[in-house]
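A.B. asks: with the sequence up front, the predicted model follows.
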Amino acid sequence: DKALVLGFSQVGAESEWRTANTASIKDAAKEAGVTLKFADAQQKQENQVKAIRSFIAQKVDVIAFSPVVESGWDTVLGEAKAAKIPVILTDRAVDSKDKSLYVTFIGSDFVEEGRRAGRWLLERAKTMPAGDINIVELQGTVGSAPAIDRKAGFAEIIAANPHLKIIRSQSGDFTRAKGKEVMEAFLKTDGKKINVLYAHNDDMAIGAIQAIEEAGLKPGKDILVISVDGVKGAFEAMMAGKLNVTVECSPLLGPQLMKVAKEVAAGETVPKRITTEEGVFPAEIAAKEFPNRKY
Amino acid sequence: MPAGVAPTLALNGISKAFGGVKALSDVALRLYPGEVHTLMGQNGAGKSTLIKVLTGVYTPDRGQILLHGQPVQPGSTLEAQGLGISTVYQEVNLCANLSVAENIFIGRYPKKYGAIDWKAMELQAQRLLNDLQIRIDVTAPLSRYPLAIQQMVAISRALSISAKVLILDEPTSSLDDAEVKLLFDVLRKLREQGMAILFVTHFLEQTYEISDRITVLRNGVLEGEYLASQLSRLDLVNKMVGAQTSPLQGLDAIGDHVEPNTADNSGTVLQARGLGRRGVLAPLDLDLHSGEVFGLCGLLGSGRTEVARLLFGADKADSGTIQIKGKIEKLLSPRDAIAAGIGFCSEDRKKEGAILELSVRENIILALQARAGLLRVIPRKRQQALANDYIKWLGIKTPDIETPISSLSGGNQQKTLLARWLAVNPAMLILDEPTRGIDVRAKQEIMDYVIALCRKGMTILFISSEISEVLRVSDRMLVLRDRKACGEYRRGELDDDSVLEVIAGECQ
Amino acid sequence: MMKILRSLPESSYFTSMVTVALLFVMFGLGSISYTGFFSLQVVLNLLIDNAFLLVIAIGMTFVILSGGIDLSVGSVLALTTMISAYMLQSWHWPPLLVIACVLLIGASFGAAMGALIHFFKLQAFIVTLAGMFLARGLCYLISINSITIDQPLYVALSQGRIGIFGAFVSPSVLIAMMMLALAIYLAHYTRFGRAVYAIGGNEQSALLMGLPVGRTKVMVYAFSGFCAALAGVLFSFYMLSGYGLHAQGTELDAIAAVVIGGTLLTGGYGYVAGTLTGVLILGLIQTLIAFDGTLSSWWTKIVIGVLLFVFCMAQRLMSLGASRSGTATPAVD
Amino acid sequence: MSIPLSHDSVKKSDLAASTETRTGYAPLKQLLLFLRHPLFRPLAALALLLVVDLFMIPGFFHLEWKDGHLYGSLIDIVNRAAPLILTALGMTLVIATRGIDISVGAVVAISGTVAALLIGGTLQMHNGVPEYVSRIPMVWAIAAALGAAVLCGIWNGFLVSTLGLQPIIATLILMVGGRGLAQLLTDGQIITVYYKPFFYIGSGYLFGLPFSLFIAAGVFLGVTILMRKTALGLFIQAVGINPMASRLAGIRTGALIFFVYMFCSACAGVAGLMISSNIKSADANNAGLLMELDAILAVTLGGTSLGGGKFSLVGSVIGALIIQTLTYTIYSMGVPPEVNMVVKAVVVFAVCLSQSQEFHHLMPRLFGGAGKNSHSTGKK
Ligand SMILES: Nc1ncnc2c1ncn2[C@@H]1O[C@H](COP(=O)(O)OP(=O)(O)OP(=O)(O)O)[C@@H](O)[C@H]1O
Ligand SMILES: Nc1ncnc2c1ncn2[C@@H]1O[C@H](COP(=O)(O)OP(=O)(O)OP(=O)(O)O)[C@@H](O)[C@H]1O
Ligand SMILES: [Mg+2]
Ligand SMILES: [Mg+2]
């Protein structure tokens, strides 16, 4: 029988994480012998819609995509459904009322990631001297799903401890440069006060760490650094003792995706929600974990 | 003008200053129905400013404008038109990207079912231009046509606006006698119909041919208002230039005192063979000797400017060769031409000459600097010296050498551009309509200057829509017709009458 | 240069012609290389997916023709989707009223910028850039989340299908096409349109010829704002959501479309119809890439670049050949 | 498109006027000259911003001596502004010739990437001791990076001046494709550099001041001297104001345009080095994203008209400083991120208006003041 054709629409290549995600999917497709139709949307929803339309026109067997944003997919997914092409969501959900528009959603839960970061800090706070613990937050791109959710999840948990205070929160656009720039500003205004830095992704954290060092402080000691994603760079930072913890958000969805895609194509029923197994990596285990990081 | 007739338009105590420059101070003007009123004055006297004030382009600092006795204050050309004042400004102010027809009718389109009726518009435009004996494709974009044609279009636009007052600021500066005659015929007709016409020119002949009344401005001050019939040319000139200078003799015989060129014209500076360009100029031969003035005569559109542009490499010739001082030159760009010792003062100062925001000094030294190259900068002192000298020699009226050329009067801009090329002091200088919009006195001075340069060995290719000028200055001249060369003549072989015949085509 | 100017209108006309030709060539190549490419639906998808871009580009065409530029359109689009979504979902206003409101808002936003540009002699670029920041910012003030629209009429229009020979288009396409027709009429058969060309050709002359320069300029930006808002409405049909990050960088796509369509950025020369081809070209490039399906993210960018280049080259050389001495940038030696 | 009498020219003529009419005693004249100077308003805007900071942000002007260099907000601002200043300088010349270059962002990414890749450097753990080694000598790497940037410039110049494409489209090609190339080189990864010397460019200090500041200053001086000591400035203006006339005057318009695009990219290249060196890594995906807009904004804030012609390098530098100060202010004043854009917009509007002649004429009328001085912009 002919190889299964999978149309995959990626958000873009805005971060290392995204690139790893893309790579994983391409490799997995090769291994699983799936012919992959890959389309990059350059961070634009309309491009993703166009891509999906073209997949439909090409009559692929299965469509998968990681939505740029949750909302606004009903129409095009409706067309897919009408064309009897099953749709799999990866990494981000869509918020359409009609759940029948897609068969399943593989991926991590941004809110949960935020919570995990929060929980780690909650634990850590116990061991810290009494008194207020001032947190500065580096948000992702304003309005982007991970930024909103990771903020929410984190806030939700730390609410448990009144001493945990977010004194500053500014967007660092998920990039090192911005992360560093913003952190510099924070350090100038309330340098000594800051006890904890919570960054919505590793890149910003790494940038911020540089800023902290240049301010003559010790990242990881004078200022605790918490971040999300778990890319290689983060692990190097942890091994150097500059980053305290990174909450994993695994981009390696490829194998799972292929497996599910095959099942779906074969007409088997799959669970509506498939969460990826992800860990929280504190600095202590970084060195041990480092060798077996793929991204 | 019978007494008791109320003036259509009356200006009282108009003053206008630009920063510190007093362009107009306490000027008055009366414009009666059914008269052609000529505004005279040297370059920078304030003529155009006065016109811009009364058509709402500038707001006067002081003074009032009465239209039919009612004080008016037009805020823009639009309002002025609304008041029945139709104007042709000094520089051609049309949109080169639009079709000829549209330039005539824009703002006042003939409509059908609320939509612009292009057919009707083009027909009417055709008719209007035909009245002026101009037969061109009115659907073609204006940029297709040379300045003179554009000027005619501007005029017919103004004429087509049914107005009570018609204002023409130097409409004839780039026109040939033929066109001028046509224009005057039309003006006379309008005068019959009782239109009040304000006319600006630097040509005395034209002034006396058409005008009933003359108002003279000097340095922004009203010199006086006279009936044309009661003012002799000499008085007029004196009033324009002011008593400070001695009366000039025989102004209308510019260059008459030039004795036949005795310098040896043996050395051929430039030799063109079969120089031509498809559709614009039939191949022709040219030999220019050192130290001579070589004139080009022809009717509007006869191809004079084309010859100049080809020689200068501004347009690429698609046939023929050019030899300069005996060796073949490929003039692919003006740069090459300049390197080969040619200079070209274009007829279209607004589009191809002035660099408006730059200062007078910068405009003057530009070509010289370009030839010197990027690195060898002309020292500031020298630049200022040059600028000041030419301002003195050509009598350029400007507050100082750092004033942007944009704020100079038309004629003064023209002089500045002339200065640019004189400063380069090329072996051969092409002057296309160099005296456009330049006042009588300056004109003579410039002509003398030009001739003096020749006597010093410079070769000059002289183009002017004033055939008399060409006749007087040039040692030899080439007559062009329909963009073909038709006969070369030496000084004296043609006089004012025969040349017209030749040009018109009754030769051989 | 007189020569260059002389040849400009032709070159602008030929450019448009050439563009159309190249469009077909590209489509032909696509059809040969990819299965399922040569189908009516693919063509119609071009229209469906780019309806909003077309509308924006139409507004932009007028601005550029007048010698200006409007960078705010993308953000105004986003703002429109946001406001519509908010009015519909939170205030439950009737859809038609909402549409009327946002169109009005868009137009006034544009008019305001136009006024600043004209009366204070500010530069279009900088004013509209600030406008761009402002509109985006306002989106976030409404909400940083995306708001889903489930208003029946919107849903209906979003999923509405108008069959054409077995294929279909969305209602948005019809609206866009009507807008195009209207724009062409405006540009070529009304005082306003011609004034726009005149101002683009030479603003001072336009003034001295007694054209209402000020009013026209303000109206141009108002029109552009209106188009952006209308595009926003189409976009909210298209996406059924309001979102502050919608249509980022669309202003650039629009400008590109207009310029590729043969309009000169310096103003005065160009055709509204050309803009349609410009939009289709951009859309086609996207589609080709999607159909290819082997390009990595960066190759996608590179290929877009290359296609743009090849296209502009062809366009340029062909129109050069068409009118011998033409050149689009006056400064060329 | 013909150039109407621009503000510069009007100001200049007014200036000339003021000097000759108001022949009051020198100091007054000086003051007048200063107030009328085109650069006065941008400067005023910058000053105003700083004053706001002074009051809103505690210790904004506080500078301390920290491990061998000055440390404080102002230092950050200049350090951050350096790349923007560079690109703005390049952009100024391009804009002066009536052009525009929207590919600077991509060029920033490219040069940064090339440098990072070539220097690379690897973190090798020898029993827990990290050790840095560079791939090829840094000098070569930097040369290569700048070379790449210049190539980009040549490409743009070729498209604009030789092929005669419209600048915005010509540079759009590189804007899109260039970033793609950069990503291709890095494979979409962030290339972290492990090689100390390289960091000096973007975060090192000389005489206690950021090294980047010296680079920016150096380039600025270089260009200024170029403009003063050669006819380049004159020619660029001439070409920008009236290309046709300039050509007829014998200026090599083509070559000139070619040059400015090359120069612009070169500047962007240096900026790219700074940025990547500052974050000790090359982020092809995001480096210099939207930088073109900021650069153009800086140029316009500095009072240079996009219509080409008269330009002011100092103005552009001030413009860049305004932008960076503003960004920094937003960060340190704790403005919620979703409001950033609005604030930025408002400030930009304000600065523009402050520069508008007409606005100044309007003010007295609005607030009943009768003081209406007689400017003429040559038209209504
Ligand atoms: N926009 C302006 N800014 C500053 N000065 C100006 C401006 N326009 C005109 N002037 C000055 O006003 C004076 C009168 O200029 P105007 O153009 O009226 O002279 P004119 O009589 O038309 O001369 P010409 O015969 O050369 O056209 C000149 O000295 C000129 O320098
Ligand atoms: N009456 C006319 N009818 C048609 N075309 C004309 C006319 N007059 C000029 N032209 C245009 O003029 C161009 C050549 O004229 P050119 O300007 O070279 O000659 P000229 O003698 O210098 O005219 P001008 O008196 O305007 O300087 C041709 O391209 C032609 O299109
Ligand atoms: Mg005049
Ligand atoms: Mg001529």
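C.D. replies: Cool, got the structure. Ligands and ions are numbered 1, 2, ... in the order given.
A.B. asks: so which residues of the stretch 201-350 of chain D form strands?
C.D. replies: Remark: strands assigned in the stretch 201-350 of chain D by DSSP state E, counting those that start in this stretch are D:205-206, D:209-210, D:281-283.
A.B. asks: counting neighbours, what do you get for the closest residue to residue C:246 other than its chain neighbours?
C.D. replies: Leaving aside its chain neighbours, residue C:246 sits nearest to residue C:78 (4.3 Å; criterion: Cβ to Cβ, 6 or more residues apart in numbering or on different chains). Using the backbone N, CA and C atoms, a C-beta is placed for each residue, glycine as well. Close neighbours of residue C:78, defined as other Cβ atoms under 10 Å in any protein chain shown, add up to 28.
A.B. asks: just to revisit the earlier point, so which of the strands of the stretch 201-350 of chain D comes closest to ligand 1?
C.D. replies: The closest of these to ligand 1 is strand D:209-210. By Cβ to the nearest ligand atom, the value is 45.3 Å.
A.B. asks: for the closest one, packing partners?
C.D. replies: Counting contacts by 3 or more Cβ pairs under 8 Å, 6 or more residues apart in numbering or on different chains; DSSP states H and E, strand D:209-210 is packed against strand D:69-71, helix D:73-96.
A.B. asks: which one of these lies closest to chain A?
C.D. replies: Closest to chain A of those, according to Cβ to the nearest Cβ: helix D:73-96, at 4.8 Å.
A.B. asks: just the mean pLDDT for whatever helix or strand comes next after the closest one, thanks.
C.D. replies: Sequence order places helix D:104-119 as the next helix or strand after helix D:73-96, per DSSP states H and E. Helix D:104-119 comes out with an average pLDDT of 93.
A.B. asks: next up, phi/psi of residue A:279, please.
C.D. replies: Residue A:279 adopts backbone torsions of phi -110, psi 180, taken as degrees, to the nearest 10.
A.B. asks: winner for burial among the helices and strands packed on strand D:209-210?
C.D. replies: helix D:73-96 (a mean of 27; mean count of other Cβ atoms under 10 Å in any protein chain shown).
A.B. asks: host element of residue 115?
C.D. replies: Using chain A. Assigned by DSSP H and E, residue A:115 falls in helix A:110-127.
A.B. asks: that's the other chain; I wanted chain C
C.D. replies: helix C:95-119.
A.B. asks: so that helix, near chain B or not?
C.D. replies: No - Helix C:95-119 is not in contact with chain B by Cβ under 8 Å from any Cβ of the partner chain; minimum separation 13.0 Å.
A.B. asks: in chain D, which residue sits closest to ligand 4?
C.D. replies: When scored by Cβ to the ion, chain D has residue D:248 as its residue closest to ligand 4, at 14.1 Å.
A.B. asks: show the contacting residues for that residue.
C.D. replies: By Cβ atoms under 8 Å, 6 or more residues apart in numbering or on different chains, residue D:248 lies in contact with B:312, B:314, B:334, B:344, B:346, B:352-353, C:1.
A.B. asks: neighbour-wise, which of these leads?
C.D. replies: residue B:346 (28 neighbours).
A.B. asks: for the residue nearest to that one when sequence neighbours are not counted, give me the pLDDT.
C.D. replies: In space, and not counting its chain neighbours, residue B:346 is closest to residue B:352: 3.9 Å by Cβ to Cβ, 6+ apart. Looking at residue B:352, its pLDDT is 90.
A.B. asks: repeat that for residue D:22.
C.D. replies: 40.
A.B. asks: quick check: which element contains residue B:10?
C.D. replies: strand B:9-18.
A.B. asks: what do you get for residue B:429?
C.D. replies: Per DSSP H and E, residue B:429 falls inside strand B:428-432.
A.B. asks: alright, that wraps it up for me.
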